[in-house]
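# Just need the structure, nothing else, for what follows:
(chains A, B, C and D)
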There are 2 protein chains.
Amino acid sequence: MNIEKISQLAGVSKSTVSRYLNNGSVSQKTKEKLEKIIKAHDYEPNRFAQSLKAKRTNMVGVIVPRVDSFAAHETFKGIDEVIHESGLQSIIYYTNQDINREMEGLKALFNQRVDGIILMATHMTAEHISIINSVDIPVVIVGQFSEEAHCIIHDDYGAGRKMAEYIAGYFKDDVLYLGVSSTDEAVGVKRRDGVLDYFDTLGITYRTAETSFNYSEAFDDISVIFETSIPEVIICATDNIALAALKHAIEHGISVPDELSITGFGGYNTTNIVTPTLTTVRFGYFEAGEKAAKSLLKLIDGERISMIQYIENKLIKNESVDKK
Amino acid sequence: MNIEKISQLAGVSKSTVSRYLNNGSVSQKTKEKLEKIIKAHDYEPNRFAQSLKAKRTNMVGVIVPRVDSFAAHETFKGIDEVIHESGLQSIIYYTNQDINREMEGLKALFNQRVDGIILMATHMTAEHISIINSVDIPVVIVGQFSEEAHCIIHDDYGAGRKMAEYIAGYFKDDVLYLGVSSTDEAVGVKRRDGVLDYFDTLGITYRTAETSFNYSEAFDDISVIFETSIPEVIICATDNIALAALKHAIEHGISVPDELSITGFGGYNTTNIVTPTLTTVRFGYFEAGEKAAKSLLKLIDGERISMIQYIENKLIKNESVDKK
DNA sequence: TCCTTTTTCGGAACCGGTTCCAAAAAGTAT
DNA sequence: ATACTTTTTGGAACCGGTTCCGAAAAAGGA
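Now for the predicted structure:
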């Protein structure tokens, strides 16, 4: 079934059917006739033929570094919900955290003629920017910051500060901040600075250390750190790291939160499953995904939007902090 | 840049360029000439134009009920890896566990002219089958069984049996099997029967109860069950349920595994994060995804494959069982 | 060298839509 | 009824490829 056959059945021309299907500048009579025939044969126009001549392909590309993290999931769900509701399709380009495949993905999706791309970036490089500029379709970055692209980011500095304020209410010293590499601008730098700047203004003394995003690597690092001395409170840059710290503490009979308080960042589901439940900052991952998709749709429609949009987060006061 | 321009630059006809791009029945000389020109302008053929005339769209549809479970993730990763390596694109149709959207997805993806569909089904209904039959492209179902469709399934019965054998080595009575609704054929029926059939042959006495896949609902159900009496060992139909049981035990000062042994099924990452680590059966989710994708590609190429393929699983002996 | 076979190539139709333009029909005002 | 405006419609070109078919060129054989 194609537009030609429909037009023959209705006794009109192809162009009339096409017009009916799109803007609809068609008389009431033909409209009704076509509606009936199209429904009867449940005809749907061929997307490829449509996309060939028309500008829009009604597909958006989503570049996803991983799918096995809470943050990535939630963000993806937010994106998909908006895209799906708008009647578009999302094409996933999965990179398995390989930053080179992010570049590939940008090019490949552009060549696919998607209408726009959402990039869940691991971190931004100059090469990213240059490809994004060379690709003349809208691109929205979610989760990482860049001055030269539209991006949706979490208020990591604010999150750090919230946590610092909360911790400062109970502890004045012997704080350990366990961060990640500062190659990650959002988590490694902003989040850390949010915490430490506030401690600095209050004159709270702290130590810092660095580990990996990976659970087992973090676990090993923590074992080494705790060998020398165990702090009163450890502020971990991610929930995963905090979970590793918790695991270590339980294994070594260190009571949490009585002897050691632990906090994370993220608001992962697992933080409510472990015992004690983990104090953390919950980020609006889902909202970020939604906003990214909505922003992309606006850009596709030619609207102008602000280059940076922030997503709120919230301190979740759970059991892993000693509220003495 | 399009095929016409390339052909003009090379001084040959469109058809020659097309032939070069596809089967390649072109003389060595023109081959080299075209290669150079195409590389110089980094030309890539328009997929929509290609798909219009040619049969294959080089896109496969993947219907995904959820992305926030370990099982779904791993399966998806397996699928994506194979699809991506084969130079195809996967279009995700996310259903958010709404079974009606699975039907929608089948129709929508078919209308999109994808070459084939992988369905990560929640459970199979007659309607599924009828749609799958009406859609005349290959469909592979992963994770659920149906006699009338190609499917990749986990050996749930075998997994149940393995666990039963292991548990039977330490416990002879006071076993609780906490299952899920038998509307879920794989988990609710097969997995349960694998456990209970073996217990029956050995004459081991047990109780059974039923709960939900959902962590919090399971948690509430467990609280009710444990009010009357606490068994020596609880075999939970999923890791999530087992985690809920563990949580309850820890909260109520029930020592695991000394007073209560707990097991799950799934092999989720979280089972190694909690303390004690959880004894479970690890399913080959990633392999299932891979096999589903490979099978689909074969079907697309017109090969015949067997209707049912099983994926192996493995008992993981962790700390949550009392090996007295 | 001539004939036959094989390989390479170009022309044209086609895939299923969209869009522009001019013609036809309908509506309105005089 | 006529002239003018607006709405509706059909024809044809086009999007960027693929594919069939027959012609031309190259290769092989006698």
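# And for the lowest-mean-pLDDT helix or strand in chain A, what's in contact with it?
In chain A, the helix or strand scored least confidently by mean pLDDT, DSSP states H and E is strand A:89-94, which has a mean of 86. Under the contact criterion CB atoms under 8 Å, 6 or more residues apart in numbering or on different chains, strand A:89-94 has outside partners A:58-64, A:66-67, A:79-80, A:83-84, A:101, A:104-105, A:108-109, A:112, A:114, B:59, B:77, B:80, B:84, B:89-93, B:112. (C-beta placed from N, C-alpha, C; glycine too.)
# do that again at 7 Å, thanks
With contacts defined as CB atoms under 7 Å, 6 or more residues apart in numbering or on different chains, strand A:89-94 is touched by A:58-64, A:67, A:79-80, A:83, A:105, A:108-109, A:112, A:114, B:80, B:84, B:89-92, B:112.
# Likewise for stretch A:171-182?
With contact meaning CB under 7 Å, 6+ apart, stretch A:171-182 is reached by A:167, A:187-189, A:192, A:195-196, A:204-213, A:231-237, A:241.
# In helices, which of those residues appear?
A:167, A:192, A:195, A:196, A:241 (DSSP state H).
# Could you identify the buried members of those residues?
For those, a neighbour count by 16 or more other CB atoms under 10 Å in any protein chain shown gives the buried set as A:167, A:192, A:195, A:196, A:241.
# In CSV, list these along with distance to residue A:280 and pLDDT.
Converted to CSV, those look like this (distance: CB to CB, whole Å; pLDDT from 0 to 100):
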residue, distance to residue A:280, pLDDT
A:167, 12, 97
A:192, 16, 97
A:195, 13, 97
A:196, 18, 97
A:241, 11, 96
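# one step back: tabulate the ones in helices among the contacts of stretch A:171-182 (JSON lines), appending distance to DNA strand C.
Listed next are the ones in helices among the contacts of stretch A:171-182 as JSON lines, based on distance: CB to the nearest atom of the strand, whole Å:
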{"residue": "A:167", "distance to DNA strand C": "58"}
{"residue": "A:192", "distance to DNA strand C": "50"}
{"residue": "A:195", "distance to DNA strand C": "53"}
{"residue": "A:196", "distance to DNA strand C": "55"}
{"residue": "A:241", "distance to DNA strand C": "52"}
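# Closest one of these to residue A:258?
Relative to residue A:258, the closest of those is residue A:167; by CB to CB it sits at 16.1 Å.
# which residues sit in contact with that closest one?
A:175, A:233, A:235, A:263 are the contacts of residue A:167 under CB under 7 Å, 6+ apart.
# next one: residue A:56
So residue A:56 contacts residue A:115 (CB under 7 Å, 6+ apart).
# Likewise for residue A:83?
So residue A:83 contacts A:60, A:90, A:293 (CB under 7 Å, 6+ apart).
# I'd say residue A:295 and residue A:150 touch.
Yes - contact criterion CB atoms under 7 Å: residue A:295 and residue A:150 qualify, at 6.3 Å.
# Quick check: chain neighbours aside, which residue is closest to the residue nearest the centre of chain A?
Geometric centre of chain A, nearest residue: residue A:75, 4.0 Å, by CA atoms, centre = their mean. Leaving aside its chain neighbours, residue A:75 sits nearest to residue A:289 (4.0 Å; criterion: CB to CB, 6 or more residues apart in numbering or on different chains).
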